[in-house]
Every structure is written in structure tokens, then in C-alpha cells.
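S.K.: I'll drop the sequence and a predicted model, then ask my questions.
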Amino acid sequence: MGGTLVLALIVLVAILFLMMGVRVVKQGYVYTIERLGKYTLAADPGLHLIIPFIDRVGHKINMMEQVLDIPGQEIITKDNAMVGVDAVVFFQVLDAPKAAYEVSGLHPAIMALTTTNLRTVMGSMDLDETLSKRDEINARLLSVVDHATSPWGIKITRVEIKDIRPPRDISEAMARQMKAERLKRAEILEAEGDRQSRILRAEGEKQSAILKAEGARESAFRDAEARERAAEAEAKATQMVSDAIASSGNQAINYFVAQEYTKAVGKFADSPNAKTILFPVEATQLIGSLGGIGELVRDAIGPVEKSQGDTGVPISTGRERATAASRSGVPHTGRDAS
């Protein structure tokens, strides 16, 4: 019975001994193993066996990229303006033993170093530069802080300025300045737009005047051309009439005169006010000599005779008057009493 109890006790101690000697390192971490207080090795993620009561885990180092928030700082710029600044630092541990044993309190050390250099960098700039050159401030801080922390086995990946808060009176002055600048730009743009509009309007009027002048010139040219062609046609017609007269003699002249008289008689016949038609002696003789033309005249005044027939007043033709005059031996005077 006593031997069984001792054996069970030995087994229990062995199990506890094994449990104390087994260490599991999580992914993203590195454990530093110390033997009797001295650093011996860095345990990577996975299962590791150590000697209980002799070896122990010194530090658990996070190897992932970490973010450190820098609290707000009151910084005096080069032109003596007090501004509040918030920043953030991104870093990653590259060498776990250095991060564990080269600096005491890694996070406070990075925070203090960043704050100091932030004051140095922004204190060398004017207020306008601090507000407009954030990228330059970030780059300078990154270079300085990364160089200072390289012995600690870490890498500063980024330093970013989150917020810059100028004093209230300066903020109000900046707002007024910005408003005045924007009003100035608006007035300049409005004046430029009005100027451009006037230029375009003047250009349009100029083009319109040019087009009108060109249209008037083209119209005058076409009118002159039309008159020239009409004159040429008139000259050609005159030449043809002259040629006809030259070749036919008096017969052509009598034909043209009779044709004009026929047209005139037709107009008289169509007139509702025409009651009596008077012919000169020359016209009656000409019509009497041209039988065909006389027939045309008789056809033209036929409607008038019909209308006069209703009233009982006959209208004698030119041939009848000419024949009567020749029989009586009395010259015809060209007048008929209705």
C-alpha cells in the first residue's frame, strides 16, 4: 500500500515536471528563453521543451506590425503660434532579443522619442508650413525616429500626423482670409467670363457683318449677271427682228404692228368698261391688207359685239369702215360715233 502511494506520487511529479517543461509559442510572437536569468535563445512559434525550474520565458515579443497612438502635444511654431498636434506611429519588431533587452519599456521609449522629434521638426516651421506640408513633416519624422530606434531591433514603418489644431483666433483669421480669397477668385472669374462673353459677342457680330457683306456682294453680282443676260436676250431678239425686217421688208413690219394692235384690241375687249373701240386709218388699212390678222381682230372683238348687240348698237370692223370710206371717196378720220 505504501509502495503504491509512493509510485503514484512519483508519476504525478513527473507529469507536473513535463507540463512545466513544455511551452507553446503562438503565431506572431517570439519568446525569449532565459536559463538561470541569462538569455539563451528565442523561441519561434510552435512547441518547445525547456528545463523546469532552470529555464523560463523572459519576454513575449509581438512580431506583428503595431500602432502606437501619440497623445496630443502643444507645440510652438517658428512664428510663435501655439498649435495642438496628434500623431500615430506604426512599427514592427525585427529582432526580438534586442527589443527585449536593449531598451526598457519599448512603447514608452518610442512615444517619448516621437514626441521630442515632433516638437523639433514642427518647431522649425511656420504655421502656414505646418498646415500645408504634412507630407514633409511625416517624412522627416519617419527618418529621424527610424534611425534612432534601429538599435532596439525595430523598424518604424510610418509616422502620420492625425490632426493639427491652431488657436481659435488664428482659425477665425484663417477663415476670413480664405473667404476673402475665394471672393476675390469669384470676382476674377466673373470678370474673366464677362470679358470672354464680350469678345465672343463681338466676334459673332463681326462674322455676321462679314456674312451680310458677302451676301450683298453675291446678290449684286447675281443681279448684274441677270441684267446682263436680259440685255443680251433683248439684243438678240432685236437682232432677230432686224434680220426679219431686212429679209422681208414691209411685210414683216406690218406683221409686227398688226400683232401689237391685235393684243391691244384683245385688252379692250376684255375690259368691262369698253363700249366703243376707235381705230386709226393706218390700222384699218393695215388690218384690211392682212386678211389673216383681220380675222384675229374679228375674233378678239367678237365678245364685245355680242355684248353691244343686246343694246342694239352695232360695232363695225376696220375692214367695213375702210371699204365704206373707199366707196364714198371720203377719207376715214379714225373716229366712230356709237
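M.R.: Arrived safely, thanks for sending.
S.K.: from Asp95, how far out is Gly28?
M.R.: Separation of Gly28 from Asp95 (CB to CB, to the nearest Å): 16 Å. (Glycine included, C-beta is placed from N, CA and C.)
S.K.: more neighbours: which of those two?
M.R.: Asp95 (18 against 10; other CB atoms under 10 Å).
S.K.: so who does the closest residue to that one other than its chain neighbours touch?
M.R.: Leaving out its chain neighbours, the residue that sits closest to Asp95 by CB to CB, 6 or more residues apart in numbering is Gly153, at 3.0 Å. Listed by CB atoms under 8 Å, 6 or more residues apart in numbering, the contact set of Gly153 reads 93-99, 102.
S.K.: and Gln239, by the same measure?
M.R.: Neighbours of Gln239 in contact, by CB under 8 Å, 6+ apart: none.
S.K.: what helix or strand is it on?
M.R.: Here Gln239, judged by DSSP states H and E, is contained in helix 168-248.
S.K.: how many neighbours does Val145 have?
M.R.: Around Val145 there are 20 residues (other CB under 10 Å).
S.K.: check contacts around it.
M.R.: The neighbourhood of Val145, defined by CB under 8 Å, 6+ apart, consists of 89, 110, 113-114, 117, 156, 159.
S.K.: state the distance from it to Ala43.
M.R.: Distance, Val145 to Ala43, by CB to CB: 29 Å.
S.K.: check Arg119 too.
M.R.: For Arg119 relative to Ala43 (CB to CB), the value is 39 Å.
S.K.: what's the answer for Ala220, then?
M.R.: Distance of Ala220 to Ala43, given as CB to CB: 107 Å.
S.K.: looking at the two, which one has more neighbours?
M.R.: Ranked by neighbour count (other CB under 10 Å), Ala220 and Ala43 place Ala43 first, with 20 against 10.
S.K.: so which residues of the stretch 51-200 of the chain form helices?
M.R.: Residue ranges of the helices in the stretch 51-200 of the chain, as given by DSSP state H, counting those that start in this stretch, are 96-101, 106-123, 127-132, 134-149, 168-248.
S.K.: pick the most deeply packed of those helices.
M.R.: With neighbours defined as mean count of other CB atoms under 10 Å, the helices of the stretch 51-200 of the chain peak in mean count at helix 96-101, which reaches a mean of 19.
S.K.: CA atoms only: put that helix into CSV for me.
M.R.: The C-alpha atoms that make up helix 96-101 are tabulated as CSV, following Å, rounded to 0.1, in the frame of the first residue of the first chain:
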residue,chain,number,x,y,z
ALA,A,96,13.2,40.1,-30.6
PRO,A,97,16.3,39.9,-28.2
LYS,A,98,17.2,43.5,-29.0
ALA,A,99,13.7,44.7,-28.4
ALA,A,100,13.6,42.8,-25.1
TYR,A,101,17.0,43.6,-23.7
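S.K.: what's it in contact with?
M.R.: So helix 96-101 is contacted by 30, 32, 39, 42, 58-59, 61, 63, 93, 106, 151-154 (CB under 8 Å, 6+ apart).
S.K.: mind running it again at 7 Å?
M.R.: 30, 32, 39, 42, 58-59, 61, 63, 93, 106, 152-154 (CB atoms under 7 Å, 6 or more residues apart in numbering).
S.K.: okay if I get those as a markdown table plus pLDDT and distance to Arg165?
M.R.: Output for these, formatted as a markdown table (pLDDT from 0 to 100; distance: CB to CB, whole Å):
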| residue | pLDDT | distance to Arg165 |
| --- | --- | --- |
| Val30 | 93 | 39 |
| Thr32 | 92 | 41 |
| Tyr39 | 89 | 45 |
| Ala42 | 90 | 43 |
| Gly58 | 88 | 42 |
| His59 | 90 | 38 |
| Ile61 | 92 | 36 |
| Met63 | 92 | 35 |
| Val93 | 93 | 32 |
| Leu106 | 90 | 29 |
| Trp152 | 92 | 31 |
| Gly153 | 91 | 35 |
| Ile154 | 93 | 29 |
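S.K.: of these, closest to Leu12?
M.R.: In terms of CB to CB, no member of the contacts of helix 96-101 lies closer to Leu12 than Gly58, at 28.5 Å.
S.K.: against Ile199, how distant is the residue sitting nearest the centre point of the chain?
M.R.: The residue lying closest to the centre of the chain (CA atoms, centre = their mean) is Gly193, at 15.6 Å. Counting by CB to CB, the gap from Gly193 to Ile199 is 11 Å.
S.K.: for Val25, same thing?
M.R.: Per CB to CB, Val25 is found 78 Å from Ile199.
S.K.: just Ile188 next, same as before
M.R.: 16 Å.
S.K.: Asp55 - how many residues pack around it?
M.R.: 19.
S.K.: for the closest residue to it other than its chain neighbours, name its beta-bridge partners.
M.R.: Spatial nearest neighbour of Asp55, chain neighbours left out: Arg35 (4.9 Å); criterion: CB to CB, 6+ apart. Counting by DSSP bridges, Arg35 forms beta bridges with Lys38, Asp55.
S.K.: quick one: low-confidence ranges for the stretch 201-338 of the chain?
M.R.: 244, 248-257, 261, 265-338 (pLDDT under 70).
S.K.: quick check: Tyr29 touching Met63?
M.R.: Yes: using CB atoms under 7 Å, Tyr29 is in contact with Met63, at 6.3 Å.
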